[in-house]
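Enquirer: Below is the structure, and that's it, no one-letter string:
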């Protein structure tokens with residue numbers, strides 16, 4: 001009986017890992033979703049068809065996220081590409097019972113203090129959108145083209161420690177976005193993201 005229980009448990013774990021790894025594919029349609037932002041407004045990804053969309057996974061209690069905001073790296077990119085008509089959506093996939101969970105009011109206060117310039121911060125309370133995108137770290141960046149296809153997935157740059165001058169980093173995300181906006185072929189479409197793990201469960 002115990003052996004059967006263990007076998008079923010292992011099979012369930014394997015099945016869940018396979019499902020979780022089945023994320024979106026570069027060059028295919030990005031998964032649609034509907035989420036509320038921190039001000040209670042509803043946003044559908046499909047509403048932005050015909051526009052370039054950036055999805056940025058975030059967690060303000062992650063040191064990697066803090067660095068990118070307090071050094072004005074992320075806000076500067078948000079401002080720059082807003083002027084070019086890019087829709088920038090920040091997504092917070094943090095389990096409501098995790099210690100990193102913040103209320104909407106707290107999230108607004110934190111990102112206002114950091115001078116964030118995204119279009120909306122979306123709250124993924126049931127963590128389903130994070131799983132649909134196989135979001136693994138904060139930050140993690142996605143680029144969706146005007147036709148709704150996923151064109152980039154991965155790290156913002158090649159410097160997890162933030163030890164190199166900004167000008168010496170390989171700007172994976174920014175390079176991909178610039179190439180897309182210029183109508184060029186994106187040279188690097190996927191990179192390994194770095195940062196804190198996405199908090200899918202209260203014990204993550």
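Expert: Received the coordinates, thanks. It should be emphasised that the depicted structure is a prediction, and the values quoted were computed from it without experimental measurement.
Enquirer: Name the residues that touch stretch 152-170?
Expert: With contact meaning C-beta atoms under 8 Å, 6 or more residues apart in numbering, stretch 152-170 is reached by 23-24, 26, 64, 67-68, 71, 73-74, 139-143, 171-174, 176-177, 180, 186, 188-195. In this view, the C-beta of every residue, glycine as well, is placed from N, C-alpha and C.
Enquirer: Try it again at 6 Å.
Expert: Residues outside stretch 152-170 that contact it (C-beta atoms under 6 Å, 6 or more residues apart in numbering): 67, 139, 141-143, 171-173, 176, 189-191, 193-194.
Enquirer: same question, stretch 131-146
Expert: Residues contacting stretch 131-146 (C-beta under 6 Å, 6+ apart): 23-24, 30-31, 50, 52-59, 62, 65, 150-153, 156, 173, 176-177, 193, 195-196, 198.
Enquirer: doesn't residue 65 fall inside a strand?
Expert: No - applying DSSP: H, G, I helix; E, B strand; the rest coil, one finds residue 65 to be helix, outside a strand.
Enquirer: Buried ones among the contacts of stretch 131-146?
Expert: 24, 30-31, 52-59, 62, 65, 150-153, 156, 173, 176-177, 193, 195-196, 198 (16 or more other C-beta atoms under 10 Å).
Enquirer: Okay, and which of those residues map to strands?
Expert: Under the assignment DSSP state E, these contribute 53, 54, 55, 56, 57, 150, 151, 152, 153, 196 to strands.
Enquirer: just checking, the third one touches residue 90?
Expert: Going back to what we said before, that points to residue 55. No - the pair residue 55 / residue 90 is not scored as a contact, 8.1 Å apart, by C-beta atoms under 6 Å.
Enquirer: I'd like the ones in strands among the buried ones among the contacts of stretch 131-146 written out as CSV, with pLDDT added.
Expert: Putting these into CSV (pLDDT from 0 to 100) gives the following:
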residue, pLDDT
53, 98
54, 99
55, 98
56, 98
57, 98
150, 98
151, 98
152, 98
153, 98
196, 98
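Enquirer: In the sheet, which residues pair with residue 34? Tell me.
Expert: residue 44 (DSSP bridges).
Enquirer: Now flag whichever of the contacts of stretch 152-170 is closest to residue 86.
Expert: Nearest to residue 86 among those is residue 143, at 8.9 Å by C-beta to C-beta.
Enquirer: tell me the phi and psi of that closest one?
Expert: As for residue 143, its main-chain torsions (degrees, to the nearest 10) stand at phi -120, psi 130.
Enquirer: Neighbours of it, how many?
Expert: As a burial measure, residue 143 scores 25 neighbours (other C-beta atoms under 10 Å).
Enquirer: got CSV for the contacts of stretch 152-170, with distance to residue 111 and pLDDT too?
Expert: Compiled in CSV, the contacts of stretch 152-170 are given as follows (distance: C-beta to C-beta, whole Å; pLDDT from 0 to 100):
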residue, distance to residue 111, pLDDT
67, 15, 97
139, 13, 98
141, 17, 98
142, 19, 98
143, 21, 98
171, 22, 97
172, 23, 98
173, 19, 98
176, 24, 98
189, 28, 98
190, 27, 98
191, 25, 98
193, 20, 97
194, 21, 98
